[in-house]
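Participant: I would like to see how this sequence folds:
(3 chains)
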Amino acid sequence: MKHVPVHVSLITVIEIVAILVGALSGFVEARRKRMDIVGVFTVAFIAAFGGGTLRDILLDKRPLFWVQHQEYAILIFVLALVATPLMRTVRQIISERVIVVADATGLGLFTAASVAQAQAAEMPMFIAAMMGVITGIFGGVLRDIVCNEVPMVFRDGKPYAICAFFGAWLYIGLQYTDVSEDFALWTSAAFITILRLVTWKFDLHLKSHQ
Amino acid sequence: MKHVPVHVSLITVIEIVAILVGALSGFVEARRKRMDIVGVFTVAFIAAFGGGTLRDILLDKRPLFWVQHQEYAILIFVLALVATPLMRTVRQIISERVIVVADATGLGLFTAASVAQAQAAEMPMFIAAMMGVITGIFGGVLRDIVCNEVPMVFRDGKPYAICAFFGAWLYIGLQYTDVSEDFALWTSAAFITILRLVTWKFDLHLKSHQ
Amino acid sequence: MKHVPVHVSLITVIEIVAILVGALSGFVEARRKRMDIVGVFTVAFIAAFGGGTLRDILLDKRPLFWVQHQEYAILIFVLALVATPLMRTVRQIISERVIVVADATGLGLFTAASVAQAQAAEMPMFIAAMMGVITGIFGGVLRDIVCNEVPMVFRDGKPYAICAFFGAWLYIGLQYTDVSEDFALWTSAAFITILRLVTWKFDLHLKSHQ
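Facilitator: From the prediction side, this is the model:
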């Protein structure tokens, strides 16, 4: 395995924010289904960590991210205990805009980092790109399956997975240039984030399959 | 891996009973969905072994329990062939009380044994407790997902997972005392079983997330 | 691991056809749910590769088939881009009969090959037979779960899994005779295919569980 470059402090902040945004989407969905605390915690946990866990199972990589960092599981557990007042507060003090930005940032970072990992594990290119997208979207897919819904990301037409897919190929393409791995990682992460925000701003949608 | 202590004969009996209770819940659900024999067997199998299988996949432990003990898969297969008359008989000769006791006993045993396994695999504490609960509840969760239902354990408010969670922490706490591992295992298994029966007797429920 | 015998060119053709039939079933289902391109690709991919992937995860075998052969993932991706006109064409030029034959051939080949693999990995007999059936049917099961349906194969009464199951035992039985592994593989694959076609021709069904 090649060394995957990271800037620990900044990454950690983005990571926590992205996990919180994932968990938050789980709280919303679990609430809609009138789940109890067990469901609220589990659905939030799956929304936050499902994508990365599926990627690691497919790549046979262990220990899993959340097994090594139990502090994240504990954080979601504590938030689940106060999910009802928490959600009310979140809606009052945080605008949708902030959540979309945080989510897009997480998508960019996790996709780029996953493509890097998949390439380090010597996956072929197209599969490495797929692994990046899986990490970005399957938390939401598994959340929706557990909540007995057709996954949103497969039908809402928001080009979430598409942004991740293009950014994954940018990362792969940059490997053929002279730029450093660090530069490739940050550039493609930023590209995905910006592309997602632009498509959100202009409300661009995919057609559904007719 | 540390040695996980077991009393083979008694454990084997509890194991079989717990597997049968799990399979039974699958028969009930498959019947409600008017499945054929393939569905009846598969749903019963998933209900009985899904939790332990998910735990082993997350821990990357192989061979899986049911792969090593094909007699359990064969037992469920034979029962699935006679599921219709079997269920009628079960309802006539076995009261709900017996099934709840068997189920609670299985929950206690499997949770405690899974926490022991997760600790032997050097999981951090909170994750070890989660692995115990996952083993206890995810058979039912996967059964409900396959049957296209929102998992009961996430919304019925029965403190099933909560009892397992407290018992998992009792096991972990006992590791810091002088008691033997055997004692810790049986005490926490018994604690979970009794706690589940008490909450059932007094019909205690969790609130749903409003 | 024992050597699993293969005739590369013929197997490759059958493999591609079987993957296309699986992907096609995903296109149909994704279309019914009005999914966008992301959903169409993912559901088709899961329908084509879900069964083999689950088997490999249960056996802890890596790399996964589609990770080593990215050309298949790319093929499904390209087809997903043209799924709408493609499906119209398929319906015009390919009769249901052709699709059933292709599907039955794939079922025979993949089941027999999976049983061979599971036996090479020293699974007990009943489990090896189960692994064969899982490979044959879980692509469709996972497709239906993602599409929020009760899996067809569990309730439509078509003896799809049953044919695979009998053929798996034929393969296992032939190991106790003097015939070569090649012969055992092809005989049981052909047996499954023919049995499936016969049950289709005469419209034989399993009873649902009442």
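Participant: For the host helix or strand of residue A:88, buried residues please.
Facilitator: In the assignment (DSSP states H and E), residue A:88 maps to helix A:83-93. Within helix A:83-93, the residues scored as buried using 16 or more other Cβ atoms under 10 Å in any protein chain shown are A:83, A:87, A:90. Bear in mind the C-beta positions are built from the backbone N, C-alpha and C, glycine included.
Participant: Check stretch A:114-126 too.
Facilitator: Under 16+ other Cβ under 10 Å, the buried positions of stretch A:114-126 are A:114-119, A:121, A:123-126.
Participant: Kindly report the same for stretch A:145-162.
Facilitator: So for stretch A:145-162, counting by 16+ other Cβ under 10 Å, buried means A:145-147, A:150-162.
Participant: any idea which of the residues you listed is closest to residue A:49?
Facilitator: Nearest to residue A:49 out of the buried residues of stretch A:145-162 is residue A:146 (Cβ to Cβ; 12.8 Å).
Participant: Let me see the contact set for that closest one.
Facilitator: A:42-43, A:46, B:141, B:145, B:150-151, B:154 (Cβ atoms under 8 Å, 6 or more residues apart in numbering or on different chains).
Participant: Need phi/psi at it.
Facilitator: phi -60, psi -30 (degrees, to the nearest 10).
Participant: And it, how close does it get to residue A:81?
Facilitator: From residue A:146 across to residue A:81, the span is 20 Å (Cβ to Cβ, to the nearest Å).
Participant: can the buried residues of stretch A:114-126 go into JSON lines with extra columns for pLDDT?
Facilitator: Putting the buried residues of stretch A:114-126 into JSON lines (pLDDT from 0 to 100) gives the following:
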{"residue": "A:114", "pLDDT": "94"}
{"residue": "A:115", "pLDDT": "95"}
{"residue": "A:116", "pLDDT": "93"}
{"residue": "A:117", "pLDDT": "91"}
{"residue": "A:118", "pLDDT": "93"}
{"residue": "A:119", "pLDDT": "92"}
{"residue": "A:121", "pLDDT": "90"}
{"residue": "A:123", "pLDDT": "93"}
{"residue": "A:124", "pLDDT": "96"}
{"residue": "A:125", "pLDDT": "96"}
{"residue": "A:126", "pLDDT": "97"}
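Participant: Can you add secondary structure and distance to chain B and give those residues back as JSON lines?
Facilitator: Output for the buried residues of stretch A:114-126, formatted as JSON lines (DSSP: H, G, I helix; E, B strand; the rest coil; distance: Cβ to the nearest Cβ, whole Å):
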{"residue": "A:114", "secondary structure": "helix", "distance to chain B": "18"}
{"residue": "A:115", "secondary structure": "helix", "distance to chain B": "23"}
{"residue": "A:116", "secondary structure": "helix", "distance to chain B": "22"}
{"residue": "A:117", "secondary structure": "helix", "distance to chain B": "17"}
{"residue": "A:118", "secondary structure": "helix", "distance to chain B": "18"}
{"residue": "A:119", "secondary structure": "helix", "distance to chain B": "22"}
{"residue": "A:121", "secondary structure": "coil", "distance to chain B": "15"}
{"residue": "A:123", "secondary structure": "coil", "distance to chain B": "19"}
{"residue": "A:124", "secondary structure": "coil", "distance to chain B": "23"}
{"residue": "A:125", "secondary structure": "helix", "distance to chain B": "26"}
{"residue": "A:126", "secondary structure": "helix", "distance to chain B": "25"}
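Participant: before we move on, the earlier item: and the helix holding residue A:88, anywhere near chain B?
Facilitator: Yes. Helix A:83-93 comes into contact with chain B (Cβ under 8 Å from any Cβ of the partner chain), by way of A:83-84.
Participant: Spatially central residue in chain A, please.
Facilitator: residue A:136 (3.8 Å; Cα atoms, centre = their mean).
Participant: Please enumerate the strands of chain A.
Facilitator: For chain A, applying DSSP state E gives no strands.
Participant: residues from it in reach of chain C?
Facilitator: Near chain C, when you scan chain A using Cβ under 8 Å from any Cβ, you find A:57-60, A:123-127, A:130, A:137, A:141, A:145, A:148-151, A:153-157, A:160-162, A:206-210.
Participant: And residue A:193, how close does it get to residue A:18?
Facilitator: Between residue A:193 and residue A:18 the computed distance is 11 Å (Cβ to Cβ).
Participant: what's near enough to touch the closest residue to residue A:58 other than its chain neighbours?
Facilitator: Spatial nearest neighbour of residue A:58, chain neighbours left out: residue C:64 (6.5 Å); criterion: Cβ to Cβ, 6 or more residues apart in numbering or on different chains. By Cβ under 8 Å, 6+ apart, the contact set of residue C:64 is A:58, C:49, C:52-53, C:56.
Participant: remind me which residues of chain A are low pLDDT?
Facilitator: Scanning chain A with the threshold set as pLDDT under 70 gives A:1-8, A:208-210.
Participant: Quick check, the residue in it closest to chain B?
Facilitator: residue A:39 (2.7 Å; Cβ to the nearest Cβ).
Participant: Okay, helices next: where are they in chain A?
Facilitator: Ranges of helices in chain A, per DSSP state H, are A:8-32, A:37-59, A:65-68, A:70-81, A:83-93, A:96-120, A:125-146, A:160-174, A:181-201.
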